[in-house]
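In: Sharing a model that was predicted from the sequence below.
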Amino acid sequence: MTPIDVLVLVDHRDGAAEPVAFQLLAQARALAGSGPVGALVLAADARPIADALRCAGADVIHVVEHPGLESYNPEAFAKATAEAVRRLEPRLFLCAHTFTGMEIAPWVAARLGLPLVSNCLSLAVDGPDLVADRPTHGLAWQTRLRLPLQGTIVASLARGGGARQRLKGPAAVVQALDLDGTAFRVRTRVRETVRPEAGAVDISRAEVVVGIGRGVRDPANVAVMEELARALGGVLACSRPLVDLDWMPQERQVGVSGKEIHAKVYLACGISGAAQHVAGIADAQTIIAVNQDARAPIFRVAHYGVVADLFEVVPALIEEAKRRRTD
């Protein structure tokens, strides 16, 4: 395998690295071979974030600190990132396909005139090329792309794509990267950060999650699905359409515009499996899907699938779950 150098953009929030940052560093190590892996942390105070990542697979952690990076500002972060990539000249600049990565990756590619491949399900180095598999047509197809490893390539990796384990290796060197002050001259100002209320249930921390979509057919059936979640010792979540219909509160939404779950078991009931929803369940250990449409995209990511009418399956599941809990 041809060694390359990879630079990873670290997603972080509230002074802590996001779980996806560890995934990307593991993927970067697999891609680099014997080549160097760098991590890029941009924050007003980047050292605590860098310290948490020191043994996660990077050789060097580059920290960019500036008061303008106190709150996430897409323009400031993108300009600073582009300048860092220009200075460091990696063969591959890797982002997570999160809200941050979706904004920064194309900005960096456009600003520096670099090739971009986004939302990749997998990445590999094959001789002189980077090979990327990515979904098209709403997950109905996958496209394989080959890009020659000449200059720098910008890529974003979908949540759950590539390596999943966290690495534990030698401690990385932490280095300050001083950028020109013009990188922080921006027109955009962050006035306020608005976050949804946590609510009584935090679906992101639950070990068992039952997700429901349009397949529940009627708001009256939500109560039946709530009974199933309770019988399984879990919590009820939903896809975006049920929030748009006011059948479920926004804090129960799973997906790109909702919450990411890290459940041991995710039971998707009547959910077709749009890409935005699938991104929110990438970290679930076991995904079980129940849908009467055998061609539903959710079956492409499910570990187990049942093609059947939801309301023929759910009563039997509730009865069996209750029986096992009383035995």
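Out: Nice, thanks for sending it over. Numbers count the residues shown, from 1 in each chain.
In: Please enumerate the helices of the stretch 101-250 of the chain.
Out: 222-231, 240-244 (DSSP state H, counting those that start in this stretch).
In: Of all the ones you listed, which one is nearest Gly305?
Out: helix 222-231 (17.2 Å; CB to CB). Where C-beta positions appear, they are placed from N, C-alpha and C, glycine not excepted.
In: could I get that closest one in CSV with only the CA atoms?
Out: Provided in CSV are the C-alpha atoms of helix 222-231 (Å, rounded to 0.1, in the frame of the first residue of the first chain):
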residue,chain,number,x,y,z
VAL,A,222,-48.0,6.2,18.3
ALA,A,223,-49.3,5.0,21.7
VAL,A,224,-49.0,1.4,20.5
MET,A,225,-45.4,2.0,19.5
GLU,A,226,-44.7,3.6,22.9
GLU,A,227,-46.0,0.5,24.5
LEU,A,228,-43.5,-1.6,22.5
ALA,A,229,-40.6,0.7,23.5
ARG,A,230,-41.6,0.3,27.2
ALA,A,231,-41.9,-3.5,26.9
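In: ok, residues contacting that helix?
Out: 208-210, 212, 216, 235-236, 242, 247-248, 267, 269, 311, 314-315, 317-318, 321-322, 325 (CB atoms under 8 Å, 6 or more residues apart in numbering).
In: for that helix, what is the average pLDDT?
Out: Here helix 222-231 scores 95 as its mean pLDDT.
In: follow-up on the earlier one: redo the helices of the stretch 101-250 of the chain as a markdown table? Include distance to Arg146 and mean neighbour count.
Out: What follows is the helices of the stretch 101-250 of the chain, written out as a markdown table (distance: least, CB to CB, whole Å; neighbours: other CB atoms under 10 Å):
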| stretch | distance to Arg146 | mean neighbour count |
| --- | --- | --- |
| helix 222-231 | 44 | 18 |
| helix 240-244 | 34 | 18 |
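In: Turn the ones you listed into a markdown table, including distance to Met102.
Out: Formatted as a markdown table, the helices of the stretch 101-250 of the chain follow (distance: least, CB to CB, whole Å):
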| stretch | distance to Met102 |
| --- | --- |
| helix 222-231 | 31 |
| helix 240-244 | 17 |
